[in-house]
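>>> Structure here, sequence nowhere to be found:
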């Protein structure tokens, strides 16, 4: 597993793939957001009605794991494409959101809890 590839490099791969197919014309913010949602829901559907044990087994089984990998790749594809087409800096987006969340979810208030910020 190559953990060293950058967001920039992944974005360029997606961009080249789409440009080779002349897909820019179809990739407006609405349709890319729909793509993110659709693919995220396809990932979610894989796990629907599964027990913890069944889900663990899915990551061991090659066929199930490949389905999961395909859907997570599709989600990331659309996220990268959305950012690229709309000139969003994903690192900046993440950093800014983490700063906001650090205020909402102070470690001393929420460590080990899975409550929403308005429930803490």
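Ah, there it is. Remember, predicted model here, so these are calculated numbers, not experimental data.
>>> drop to CA atoms for contacts and neighbour counts, all remaining ones
Will do.
>>> What number of residues are in the vicinity of residue 38?
Here the number of neighbours of residue 38 (other CA atoms under 10 Å) works out to 16.
>>> can you tell me how far it sits from residue 76?
With distances defined as CA to CA, to the nearest Å, the gap from residue 38 to residue 76 amounts to 12 Å.
>>> same check, this time on residue 42
As defined by CA to CA, residue 42 lies at a distance of 13 Å from residue 76.
>>> Let me see the domain layout of the chain.
The record, using automatic domain parsing to delimit domains, assigns the chain the ranges 1-88, 89-120.
>>> Mean neighbour count, those domains: which tops it?
Greatest average neighbour count among these goes to domain 1-88 (a mean of 14), per mean count of other CA atoms under 10 Å.
>>> Determine how far that domain lies from the middle of the whole chain.
Computed by CA atoms, centre = their mean, to the nearest Å, the chain-centroid distance of domain 1-88 equals 6 Å.
>>> Tell me the spacing between residue 114 and residue 18.
The separation that residue 114 has from residue 18, given CA to CA, amounts to 38 Å.
>>> what residue ranges in this protein are flagged as low confidence?
1-2 (pLDDT under 70).
>>> what do you get if the cut-off is 50, keeping everything else the same?
Under the criterion of pLDDT under 50, none of the chain is flagged as low confidence.
>>> any idea which residue of it is furthest from its center?
Computed with CA atoms, centre = their mean, the residue of the chain farthest from its C-alpha average is residue 108, at 27.8 Å.
>>> dump the residue contacts of that residue.
Taking CA atoms under 8 Å, 6 or more residues apart in numbering as the criterion, residue 108 is in contact with no other residue.
>>> secondary structure element for it?
Assigned by DSSP states H and E, residue 108 belongs to helix 107-110.
>>> Ignoring the adjacent residues along the chain, who's closest to residue 104?
With sequence-adjacent residues excluded and distances taken as CA to CA, 6 or more residues apart in numbering, residue 104 is closest to residue 117, at 5.6 Å.
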